[in-house]
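# A structural model of the following input is requested.
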Amino acid sequence: MCGICGIYNYARQGLEISEDILAGMRDTLRHRGPDADGLWISPDRSVGLAHTRLSIIDLSAAGNEPMSNEDGTVWLTFNGEIYNHLELRAGLEAAGHRYRSRTDAETVIHAYEEWGLDCVGKFHGMFAFAVWDGRSRALHLVRDRLGIKPLYFHPGNGSVIFASECKGILAHPAVSARPDWQALGHYLTFGAVPAPFSGFQGIRKLHPAQIVTVSASGDVGAKFFWNLFSGAAREREELERYRGEERERYCWDRVRQLLGEAVAERKMADVPIGTFLSGGVDSSAVTSLLAANTRGAVNTFSVAARTARRGNELKYAALIAEKYRTRQRELLIGEESWMEQFSSLSYYQDDPISDPASIPQFFLARLARENGVPVIQLGEGGDENFFGYPYCIHLVNRHREFWGRYYRSPRFVRQLLAQGFKLKTKDPERREVLRRAADSEEYFWGPTIAFTELEKDRLLAPGPAGRVSSHGVISEIFSRYDRTGAWDDQPSRMTYLLLKLNLPELLLSRSDRMCMASGIEARVPFLDHRLVEFAYAVPYDYKVSGGQGKMILKDSVRDLLPGEILDRPKVGFAAGAKEILTPGLVDYSRDIFRKQKGLSEFLRADYVENLYSRLARGESNVSSKIWTILCLADWYRRWISGERS
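Residues are numbered from 1 along each chain as shown. All right, here's what the predicted structure looks like:
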């Protein structure tokens, strides 16, 4: 895992490429790669690549980057892991390619030489990388299928600048940190900024499974290299061969096989590995499968908030740690720790993210690093693959009972009913669904909507952003869905949105930033693309039974995990905003917002103050809204106002 950045000056009169500027960009990413660094500038000074390295495979200097092919015509700066690189290497060596290291990065170079950009379809893993092809004078930027690793770029002035994080681009003297108010309006909806936007004007983010190519003429082309439905359709075709109990047994066995293979594949490392063990089904399943494949004790790390009533899962994590005799470390975090670390979130995240789990995950990563374990397997993706969110199950039920028929009624009927019902209900969720139906918008926008469109109308000031509707983000994702000719059922549509929006932009971004802040590589076996394709092919009723989600996953690992883990209700990681927002942090939050005068052009101060008043009156349902505003205000303080502390 590493930090990558670079510049392509295709106009030859664009932004200056110098060792000092490139090194300055690289050094902002040193936390992502504390073990080594490097930079390369082409002889004509039109291209510069830089790299910070977290050494995981081949710890020698032979694995340092940027790295080239044998004759120096192809150069690479690479972030991630290719888990099947040894298998690919054997074929590439047989074809005549010569290696100088044992790294997977070098396999990327030779695979590109052999197959061009089609090589990315052969990679199993997580990756974000840049390839400079001196023969065609093209720069290729690539992000992995599920968006596990981030990649940003800034086009303009005859050049393209790119980096793993926005701060790498902002380190270039020609780029200034100016807020993209439209993108921040989307942040208020989703709790994160969706691709292709970032919180900064002029800085774009690659979509998952996207390749962006910059040609010698400065043309910027983009394409997707993976279609979820191609693999899922093949899996469903195989599934249709079975009936009844035989089909159910096939699903159990296939999930167990694919997850076991994904966990085993992600053991690839020349350094110690472990897991973050929350005590939930997903992290417990990963830990149990890793323990079954590991000599000696597995390293496990768990965290809880001292203030948490529902979020303290340490006793459940202890059950797994004891069962599999792991080397368990636990951490309890109090209000002092929240306060101490909160101000560093906006630096490491740099693109605003509103997820209360960021702080506990930051502490977990630091704990792992302090104990000499730089590679961690996580449970992210289990809920998205197997319908683990109770709220999503509730929405499917509501859609089947009522909303589906309501959405199919004539539009004028929906508009009349929406006007009538609006006067009778104050529930913001119900009012928002009525509005979406009246405007013929999609029913489901995600499980963690911070502010509905109706709430944003009252929150946003008549300033630089104007009215920011996030429907365009949803519409673009579902347009891609509809163009595939995929299965037209509500659970499939909902899962697709989770995989394209909530997972990469919020959860994976949070995990990447918080782990990389301490130089920890986070691997996610539930997001092996073969497992994702199969899980997508499994019918909804196999995933949800009796109102409980993830049933096919639970059944597949029932022999590995105790009933106390499998059958208890889902609890959010460590603690939610309601429990993290202690009185001290609430006061800090209010103070931060009031001091960021520039935000008053974007947000109505009276509306925000009313949220704090409602929280003081005990309305805990506004906690997530205040957390969203707090994260935005602190981001603004750090990156726009320029306060460094």
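# buried set for stretch 429-446?
Judged by neighbour count using 16 or more other C-beta atoms under 10 Å, the buried positions of stretch 429-446 are 431-438, 441-446. Glycine gets a C-beta too; all of them are placed from N, C-alpha and C.
# what's the offset of it from the middle of its chain?
Its chain's C-alpha centre lies 25 Å from the corresponding centre of stretch 429-446 when counted by C-alpha atoms, centre = their mean, to the nearest Å.
# measure it end to end?
12 Å (C-alpha to C-alpha, to the nearest Å).
# Could you report the separation of Tyr348 from Asp20?
As defined by C-beta to C-beta, to the nearest Å, Tyr348 lies at a distance of 24 Å from Asp20.
# Give me the more crowded residue out of these two.
Neighbour comparison, Tyr348 and Asp20: the larger count goes to Tyr348, with 21 against 9 (by other C-beta atoms under 10 Å).
# low pLDDT regions in the stretch 501-645 of the chain?
Confidence mapping of the stretch 501-645 of the chain against pLDDT under 70 gives the ranges 572-578, 644-645.
# Swap in 80 and give it another go.
Judged against pLDDT under 80, the low-scoring parts of the stretch 501-645 of the chain cover residues 570-583, 620, 644-645.
# just the strands in it please.
Under the criterion DSSP state E, counting those that start in this stretch, strands of the stretch 501-645 of the chain are mapped to 521-523.
# how about the helices in it?
In the stretch 501-645 of the chain, helices defined by DSSP state H, counting those that start in this stretch lie at 509-516, 529-537, 540-543, 551-556, 563-566, 577-580, 583-595, 605-616, 623-635, listed in chain order.
# pLDDT below threshold where in this structure?
The model of the chain has pLDDT under 80 over residues 1, 12-16, 306-312, 335-340, 417-429, 463-467, 485-486, 570-583, 620, 644-645.
# tell me which residues of the longest helix anywhere in it are tucked away?
For the chain, the longest helix by residue count, based on DSSP state H, is helix 244-265. Buried residues in helix 244-265, defined by neighbour count with 16+ other C-beta under 10 Å: 247, 251-252, 254-256, 258-265.
# which other helices and strands contact it?
Taking 3 or more C-beta pairs under 8 Å, 6 or more residues apart in numbering; DSSP states H and E as contact, the helices and strands that helix 244-265 lies on are helix 228-239, helix 281-292, helix 529-537, helix 551-556.
# sorry, back to before: which of the helices of the stretch 501-645 of the chain sits closest to Val468?
When these are compared by C-beta to C-beta, helix 623-635 sits nearest Val468, at 13.2 Å.
# Show me what the longest helix of the chain is in contact with.
83-84, 124, 239, 242, 285-286, 289-290, 293, 377, 525-526, 528, 530-531, 534-535, 538, 542, 552-553, 555-557 (C-beta atoms under 8 Å, 6 or more residues apart in numbering).
# Once you drop chain neighbours, what's closest to Thr73?
With C-beta to C-beta, 6 or more residues apart in numbering as the criterion, Thr73 has its nearest non-adjacent residue at 4.6 Å, and that residue is Gly134.
# Point out the one among the helices and strands packed on helix 244-265 that comes closest to Ser55.
Comparison of the helices and strands packed on helix 244-265 against Ser55 by C-beta to C-beta identifies helix 281-292 as nearest, at 21.3 Å.
# what comes up buried for whichever helix or strand comes after the closest one?
Proceeding N to C from helix 281-292, the next assigned helix or strand is strand 299-305, under DSSP states H and E. Residues 299-305 are the ones in strand 299-305 that count as buried (16+ other C-beta under 10 Å).
# for the stretch 251-400 of the chain, what spans make up the helices?
For the stretch 251-400 of the chain, the helices defined by DSSP H, counting those that start in this stretch cover 281-292, 314-323, 335-349, 358-370, 382-386, 390-398.
# Which strands and helices lie in contact with the longest one?
Taking 3+ C-beta pairs under 8 Å, 6+ apart as the contact definition, the neighbouring helices and strands of helix 335-349 are helix 358-370, helix 509-516, helix 583-595, helix 623-635.
# circling back: just so I know, which of the helices of the stretch 251-400 of the chain lies nearest Ile203?
Using C-beta to C-beta, the nearest of the helices of the stretch 251-400 of the chain to Ile203 is helix 335-349, at 14.0 Å.
# Quick test: name the residue nearest the centre of this structure.
Centroid check for the chain by C-alpha atoms, centre = their mean gives Leu508 as the closest residue, at 2.1 Å.
# check contacts around it.
Taking C-beta under 8 Å, 6+ apart as the contact definition, Leu508 lies against 146-148, 380, 524.
# for Val120, what are its contacts?
By C-beta under 8 Å, 6+ apart, Val120 lies in contact with 142, 211, 225.
# Please identify which of the residues you listed is nearest to Glu322.
When the contacts of Val120 are compared for distance to Glu322, the smallest value, 42.6 Å, is given by Val142; criterion: C-beta to C-beta.
# follow-up on the earlier one: narrow the contacts of Leu508 to those in strands?
Using DSSP state E, the subset of the contacts of Leu508 located in strands is empty.
# Walk me through the domains of this structure.
Annotated domains of the chain cover 2-226, 401-498 [automatic domain parsing].
# and of the ones you listed, who's closest to Ser343?
Closest approach to Ser343 among these is made by domain 2-226 (15.4 Å; C-beta to C-beta).
# for that closest one, the distance to its chain's centre please.
The gap between the average C-alpha position of domain 2-226 and the chain average comes to 18 Å, counting by C-alpha atoms, centre = their mean.
# again, but for stretch 240-260
For stretch 240-260 - counting by C-alpha atoms, centre = their mean - the centre lies 28 Å from the chain centre.
# Let the chain start at 39 from now.
Okay, using 39 as the starting number, the last item reads as stretch 278-298.
# what's the farthest-apart pair in the buried residues of stretch 467-484?
Using C-beta to C-beta, the pair of the buried residues of stretch 467-484 lying farthest apart is Ala476 and Gly484, separated by 19.9 Å.
# Please identify the most buried of the domains of the chain.
When neighbours are counted by mean count of other C-beta atoms under 10 Å, the highest per-stretch mean among the domains of the chain falls to domain 40-264, a mean of 20.
# What's the end-to-end length of that one?
According to C-alpha to C-alpha, domain 40-264 extends 24 Å from its N-terminal end residue to its C-terminal end residue.
# follow-up on the earlier one: CA atoms of the longest helix of the chain as PDB?
Taking Å, rounded to 0.1, in the frame of the first residue of the first chain, the C-alpha atoms of helix 282-303 are listed here in PDB:
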ATOM      1  CA  GLY A 282     -35.000 -26.400  -3.600                       C
ATOM      2  CA  GLU A 283     -32.700 -27.500  -0.800                       C
ATOM      3  CA  GLU A 284     -30.000 -28.400  -3.400                       C
ATOM      4  CA  ARG A 285     -29.900 -24.800  -4.500                       C
ATOM      5  CA  GLU A 286     -29.700 -23.500  -0.900                       C
ATOM      6  CA  ARG A 287     -26.800 -25.900  -0.200                       C
ATOM      7  CA  TYR A 288     -25.100 -24.800  -3.300                       C
ATOM      8  CA  CYS A 289     -25.300 -21.200  -2.200                       C
ATOM      9  CA  TRP A 290     -23.900 -22.000   1.300                       C
ATOM     10  CA  ASP A 291     -21.000 -23.900  -0.200                       C
ATOM     11  CA  ARG A 292     -20.300 -21.300  -2.800                       C
ATOM     12  CA  VAL A 293     -20.200 -18.400  -0.300                       C
ATOM     13  CA  ARG A 294     -18.000 -20.400   2.000                       C
ATOM     14  CA  GLN A 295     -15.700 -21.300  -0.800                       C
ATOM     15  CA  LEU A 296     -15.400 -17.800  -2.300                       C
ATOM     16  CA  LEU A 297     -15.000 -16.100   1.100                       C
ATOM     17  CA  GLY A 298     -12.400 -18.700   2.300                       C
ATOM     18  CA  GLU A 299     -10.400 -18.200  -0.900                       C
ATOM     19  CA  ALA A 300     -10.600 -14.400  -0.600                       C
ATOM     20  CA  VAL A 301      -9.300 -14.500   3.000                       C
ATOM     21  CA  ALA A 302      -6.500 -17.000   2.100                       C
ATOM     22  CA  GLU A 303      -5.500 -14.900  -1.000                       C
END
